[in-house]
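In: next comes the sequence, and after it the predicted model I'd like to discuss.
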Amino acid sequence: MGKFKTLAGDTVIYGGSTILVRLLNWLLMPYYIRTMDGVQYGIVTQMYGYIAILLVILTYGFETSFFRFAKSKNYSGVFTTAISSVTSTSLLFLLIVWIFKDNFSVWFNNGVPSQLVVIVALIVIIDAISALIFAKIRYEGKSVRFGLLKLLNVIILISFNLYFLYWCPQNYGSNYFRLIDWYALADNQALYVLLSNLIASFSILVILLPDVFKSLGKFDYHLLWNMYKYSFPILIVGITGMINIQIDKILIPELIGGDEGLRQLAIYGANFKIGVLMAMFTQSFRLAFEPFFFKNHAENKSPKMYATILKFFTLFGLLIFLGVTFFMDIINVVLTEEYKQGNVVIPIVLIAQLLSGVYFTLSVWYKVTDKTVYGAYMGIVGSIITITLNLVLIPLIGYVGAAIGGLVCFAVMVGLSIFWGNRNSDIRYDWLTIIHYVVVVAIIYVLGVYLIPVLSGYITKPFGLWYDISNYVTRIGLIIVFLGLVYFKEFKK
């Protein structure tokens, strides 16, 4: 129970900082869609899709590999070996991008200038190096420092976004401090968004550098080779995982085509961000869970602990699903009328995000047994499903097809992890209880979203004040019923 409380405590700290950081960052989305052209916001969404995939490639699973070897090897040597490798490959990547930046600009074929290509490359290499340092901070249990640095990052990011997108155009022509000739690139707002990100990432890396210098040890070629062997399947898992999450942001503009493709991506991207609460929850849990199970698996003689962790992870995820879908009307104030049409994808995205978190929780069996090749198999299968469904469904039903592709992908991957996990691990999960909770939430969702509004329309004037009050009170009551069921089943004893 002590270890379970430790995980819960770390998740709360990581979760609190992650939620605050993501919410602050999330507030940029309503600002973007009100100040940026849909095409420009579509470019931003697409570029972040590329950044996410490239970041996984340039860290090539070394975060997980660091956690794996830091427990049994010389701590400083493992960190020095890992950070040296990632830094070297990142600089090589930057050199390649710099040489071929004009070719990449032409390849995008949607108005992406070569300056933006270089900025994206710089963001990726800085974040790749920082990721290893942040992994070290997480392993040392410095969750508060981790959270404060992430918070500072987003504060810098927001500040420069406001500087470039609001202050500069308002004050252009007057005597003011200039970081860049704003007018020369006034039509390329996407560049200023990514430039703000670059400044924020670089600032945090400078602050992190003392953590590097005080932990340097001996570089170990033999250890590096072992880390490569261990992390290669993790790299495949990471790449395929990011493909499953981000490939739709890359394919939508290509499959729909032209400015309309970028506008559709902007609508999809804005509504995808509504699912940020589920993403924040799963991300904060991941940050705490990975170093937790590597530290404690050898000592843990009760696989039931992992079953308990998965059950409560799922319960919190289901609660978030109900909270977001029940109060969509309130959340929608951040969107404009043009973007609200994309609300249809939000429940699909929420479920897909939850399944992604479930899959990550299940991944403990192949990581601690060094059978990471199974993770690669599942990732490859998931990517094939995602890409195939995107190619088939996006031309037919647009971004809704992209959301469905992600949902099916993670559902299949969870199924494969359960199947192979039962054959290769002694961890057994309480799937019957979890399925019961899922069914209950499904019934509550149908009642709250579809039946209650109809009944309220008979009692009060549709879409009036009392209609809204009736809907919200009833939905809150349904959530309380769910919480009561969980309390009596899980906590009363």
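Out: Structure received.
In: ok, residue 41 touching residue 33?
Out: Yes - using CB atoms under 8 Å, residue 41 is in contact with residue 33, at 6.2 Å. C-beta here means a position set from N, CA and C on the backbone, and glycine is covered the same way.
In: which one of these two is surrounded by more residues?
Out: Per other CB atoms under 10 Å, whichever of residue 41 and residue 33 has more neighbours is residue 41, with 25 against 21.
In: so where's the chain shaky on pLDDT?
Out: 1-26, 72-73, 109-111, 171-187, 276-277, 279-303, 368, 370, 455-466, 492-493 (pLDDT under 70).
In: circling back: overlap in contacts, residue 41 and residue 33.
Out: Counting by CB atoms under 8 Å, 6 or more residues apart in numbering, the common neighbours of residue 41 and residue 33 are 266, 270.
In: got the domain ranges for this structure?
Out: Following automatic domain parsing, one gets these domains for the chain: 2-429, 431-493.
In: can you say which of those domains is packed in most?
Out: Neighbour counts (mean count of other CB atoms under 10 Å) averaged over each of the domains of the chain peak at domain 2-429, with a mean of 19.
In: run the chain-centre distance for it.
Out: In terms of CA atoms, centre = their mean, to the nearest Å, the centre of domain 2-429 is set 4 Å apart from its chain centre.
In: surely residue 138 is in contact with residue 146?
Out: Yes - taking contacts as CB under 8 Å, residue 138 lies within contact range of residue 146: 6.1 Å.
In: OK, contacts around the closest residue to residue 97 other than its chain neighbours?
Out: Of all residues not flanking residue 97 in the chain, residue 121 sits nearest, at 4.0 Å (CB to CB, 6 or more residues apart in numbering). Residues near residue 121 by CB under 8 Å, 6+ apart: 93, 94, 97, 98.
In: residue contacts, the last one?
Out: With contact set as CB under 8 Å, 6+ apart, residue 98 has these partners: 118, 121.
In: also the first one?
Out: With contacts taken as CB under 8 Å, 6+ apart, residue 93 has the following neighbours: 54, 58, 121, 124, 125.
In: which non-adjacent residue is nearest the fourth one?
Out: Spelled out, that is residue 124. Excluding its sequence neighbours, the residue lying closest to residue 124 (CB to CB, 6+ apart) is residue 54, at 4.6 Å.
In: picking that back up, show me which pair in the contacts of residue 93 is furthest apart.
Out: Greatest spatial distance among the contacts of residue 93 (CB to CB): 58 and 121, at 9.9 Å.
In: before we move on, back to that, would you mind measuring from the residue nearest to residue 124 to residue 136?
Out: 22 Å (CB to CB, to the nearest Å).
In: residue 359: which element?
Out: helix 346-362 (DSSP states H and E).
In: related to what we said a few turns ago, of the contacts of residue 93, which belong to strands?
Out: Using DSSP state E, no member of the contacts of residue 93 falls within strands.
In: could I get those as TSV with distance to residue 275?
Out: Formatted as TSV, the contacts of residue 93 follow (distance: CB to CB, whole Å):
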residue	distance to residue 275
54	23
58	26
121	28
124	24
125	29
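In: give me the subset of the residues you listed lying in helices.
Out: Using DSSP state H, the members of those that fall within helices are 54, 58, 121, 124, 125.
In: let me know the closest of those residues to residue 444.
Out: The closest of those, once distances to residue 444 are taken by CB to CB, is residue 54, at 40.3 Å.
In: if I pick residue 319, what's in contact with it?
Out: Contacts of residue 319 (CB under 8 Å, 6+ apart): 479, 482, 483.
In: any idea how far the last one lies from residue 477?
Out: If I follow you right, that is residue 483. Applying CB to CB to residue 483 and residue 477 gives a distance of 11 Å.
In: and residue 411, by the same measure?
Out: 30 Å.
In: check which helix or strand the residue lying closest to residue 53 once chain neighbours are set aside maps to.
Out: Excluding the flanking residues, the one nearest residue 53 by CB to CB, 6+ apart is residue 242, at 4.6 Å. Element membership of residue 242, judged by DSSP H and E, is helix 221-256.
In: so who does residue 131 touch?
Out: Contacts of residue 131 (CB under 8 Å, 6+ apart): 55, 59, 63, 86.
In: from those residues, which is closest to residue 152?
Out: The closest of those, once distances to residue 152 are taken by CB to CB, is residue 55, at 19.5 Å.
In: what's the spacing between the closest one and residue 130?
Out: Per CB to CB, residue 55 is found 10 Å from residue 130.
In: next: residue 218.
Out: Distance, residue 218 to residue 130, using CB to CB: 23 Å.
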